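K.L.:
from the sequence below, what's the structure:
(one chain, ligands or ions: 2)
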Amino acid sequence: MSDSEHPCLRCGACCAIYRVDFSVYELQSEGGTVPDGLTVEVTGNTCRMRGTDHVPIRCAALTGKVGERAACGIYEWRPNPCRELEPGSHGCEKARARHGMPPLDPQML
Ligand code: SF4
Ligand code: SF4
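P.N.:
Ligands and ions are numbered 1, 2, ... in the order given. Model (predicted):
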(Lines give C-alpha, C1' and ligand atoms only; values in the text may rest on other atoms or scores of the structure.)
(Ligands and ions follow the chains in the order given, each with its own letter.)
Protein backbone atom coordinates (compact mmCIF):
# COMPACT_ATOMS: atom_id res chain seq x y z
CA MET A 1 0.00 0.00 0.00
CA SER A 2 1.37 3.37 -0.95
CA ASP A 3 1.86 5.99 1.76
CA SER A 4 0.61 8.61 -0.64
CA GLU A 5 -2.69 6.86 -1.23
CA HIS A 6 -5.61 9.10 -0.38
CA PRO A 7 -7.16 8.08 2.97
CA CYS A 8 -10.69 8.15 1.51
CA LEU A 9 -9.78 5.12 -0.60
CA ARG A 10 -9.54 3.09 2.58
CA CYS A 11 -12.67 4.56 4.12
CA GLY A 12 -15.95 5.44 2.39
CA ALA A 13 -17.70 6.01 5.72
CA CYS A 14 -19.35 9.28 4.75
CA CYS A 15 -20.99 7.57 1.76
CA ALA A 16 -22.58 5.10 4.16
CA ILE A 17 -23.98 7.38 6.83
CA TYR A 18 -25.40 10.58 5.36
CA ARG A 19 -28.49 11.28 3.34
CA VAL A 20 -27.26 12.97 0.17
CA ASP A 21 -29.78 15.48 -1.18
CA PHE A 22 -29.13 18.03 -3.87
CA SER A 23 -30.79 20.17 -6.51
CA VAL A 24 -32.31 18.45 -9.52
CA TYR A 25 -30.23 20.84 -11.63
CA GLU A 26 -27.20 18.71 -10.81
CA LEU A 27 -28.75 15.80 -12.72
CA GLN A 28 -27.41 14.91 -16.15
CA SER A 29 -30.93 15.23 -17.55
CA GLU A 30 -30.99 18.84 -16.35
CA GLY A 31 -27.58 19.72 -17.75
CA GLY A 32 -25.57 18.68 -14.68
CA THR A 33 -23.28 15.73 -14.10
CA VAL A 34 -24.96 13.24 -11.75
CA PRO A 35 -26.36 10.14 -13.53
CA ASP A 36 -30.15 10.18 -13.05
CA GLY A 37 -30.34 6.41 -12.62
CA LEU A 38 -28.42 6.58 -9.33
CA THR A 39 -30.85 9.03 -7.82
CA VAL A 40 -34.40 9.17 -6.51
CA GLU A 41 -36.72 12.13 -6.64
CA VAL A 42 -37.58 13.77 -3.32
CA THR A 43 -39.58 16.79 -4.40
CA GLY A 44 -39.86 18.69 -7.64
CA ASN A 45 -36.61 20.54 -6.88
CA THR A 46 -34.60 18.05 -4.87
CA CYS A 47 -33.29 14.60 -5.52
CA ARG A 48 -31.24 12.15 -3.48
CA MET A 49 -28.51 9.64 -4.08
CA ARG A 50 -30.18 6.26 -4.19
CA GLY A 51 -29.46 4.16 -1.12
CA THR A 52 -28.85 7.09 1.22
CA ASP A 53 -32.37 7.22 2.61
CA HIS A 54 -32.83 3.81 4.14
CA VAL A 55 -30.94 1.74 6.67
CA PRO A 56 -28.33 0.45 6.24
CA ILE A 57 -27.33 3.62 4.43
CA ARG A 58 -25.08 3.08 1.48
CA CYS A 59 -24.93 5.27 -1.59
CA ALA A 60 -25.61 3.38 -4.80
CA ALA A 61 -22.46 4.88 -6.32
CA LEU A 62 -20.15 3.57 -3.59
CA THR A 63 -17.97 0.63 -4.57
CA GLY A 64 -15.89 -1.60 -2.32
CA LYS A 65 -16.12 -2.18 1.41
CA VAL A 66 -16.29 0.60 3.97
CA GLY A 67 -13.14 0.77 6.08
CA GLU A 68 -11.12 -1.41 3.74
CA ARG A 69 -11.24 -0.27 0.16
CA ALA A 70 -13.85 2.10 -1.14
CA ALA A 71 -14.38 4.47 -4.01
CA CYS A 72 -17.02 6.65 -5.53
CA GLY A 73 -18.10 5.19 -8.86
CA ILE A 74 -19.05 8.66 -10.11
CA TYR A 75 -16.24 10.65 -8.48
CA GLU A 76 -15.91 13.23 -11.25
CA TRP A 77 -19.68 13.55 -11.53
CA ARG A 78 -20.63 13.42 -7.85
CA PRO A 79 -23.05 16.05 -6.47
CA ASN A 80 -22.12 19.10 -4.44
CA PRO A 81 -22.74 17.72 -0.92
CA CYS A 82 -20.08 15.10 -1.62
CA ARG A 83 -17.62 17.72 -2.84
CA GLU A 84 -18.25 19.83 0.24
CA LEU A 85 -17.57 17.14 2.83
CA GLU A 86 -13.83 17.45 3.35
CA PRO A 87 -11.54 14.76 4.72
CA GLY A 88 -10.66 15.69 8.29
CA SER A 89 -13.79 17.80 8.78
CA HIS A 90 -16.27 17.31 11.60
CA GLY A 91 -18.59 15.45 9.21
CA CYS A 92 -15.75 13.16 8.23
CA GLU A 93 -14.85 12.44 11.84
CA LYS A 94 -18.45 11.71 12.73
CA ALA A 95 -18.89 9.33 9.80
CA ARG A 96 -15.68 7.48 10.61
CA ALA A 97 -16.65 7.19 14.28
CA ARG A 98 -20.01 5.68 13.33
CA HIS A 99 -18.12 3.03 11.40
CA GLY A 100 -15.67 2.41 14.24
CA MET A 101 -12.74 4.26 12.70
CA PRO A 102 -10.58 6.89 14.41
CA PRO A 103 -10.30 10.45 13.05
CA LEU A 104 -7.86 10.85 10.19
CA ASP A 105 -4.29 11.54 11.14
CA PRO A 106 -3.76 15.21 10.14
CA GLN A 107 -0.45 14.17 8.58
CA MET A 108 -2.40 12.09 6.06
CA LEU A 109 -4.26 15.13 4.77
S1 SF4 B 1 -15.38 9.82 6.05
FE2 SF4 B 1 -13.62 11.17 5.66
S3 SF4 B 1 -11.89 9.82 5.19
FE4 SF4 B 1 -13.80 8.65 4.98
S5 SF4 B 1 -14.29 8.76 2.79
FE6 SF4 B 1 -15.43 10.39 3.87
S7 SF4 B 1 -14.10 12.20 3.74
FE8 SF4 B 1 -12.84 10.41 3.25
S1 SF4 C 1 -21.97 10.02 -4.90
FE2 SF4 C 1 -19.96 9.19 -4.46
S3 SF4 C 1 -19.06 10.59 -2.96
FE4 SF4 C 1 -21.27 10.95 -2.99
S5 SF4 C 1 -22.13 9.65 -1.35
FE6 SF4 C 1 -22.22 8.51 -3.28
S7 SF4 C 1 -20.34 7.26 -3.34
FE8 SF4 C 1 -20.07 8.91 -1.82
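K.L.:
name the SS class of the residue nearest the centre of the chain, please.
P.N.:
Nearest residue to the geometric centre of the chain (CA atoms, centre = their mean): residue 15, 3.4 Å. Of the three states, residue 15 takes helix under DSSP: H, G, I helix; E, B strand; the rest coil.
K.L.:
residues in contact with it?
P.N.:
Neighbouring residues of residue 15 by CB atoms under 8 Å, 6 or more residues apart in numbering: 58, 59, 61, 62, 66, 70, 72, 82. No exception for glycine: its C-beta is placed from N, CA and C like everyone else's.
K.L.:
residue 41 too?
P.N.:
24, 47, 48.
K.L.:
out of those residues, who's nearest ligand 1?
P.N.:
residue 48 (17.9 Å; CB to the nearest ligand atom).
K.L.:
list the beta-bridge partners for that closest one.
P.N.:
Judged by DSSP bridges, the bridge partners of residue 48 are residue 21, residue 40.
K.L.:
looks like it contacts residue 39 (just checking).
P.N.:
Yes: here residue 48 reaches residue 39: they are 6.3 Å apart, a contact under CB atoms under 8 Å.
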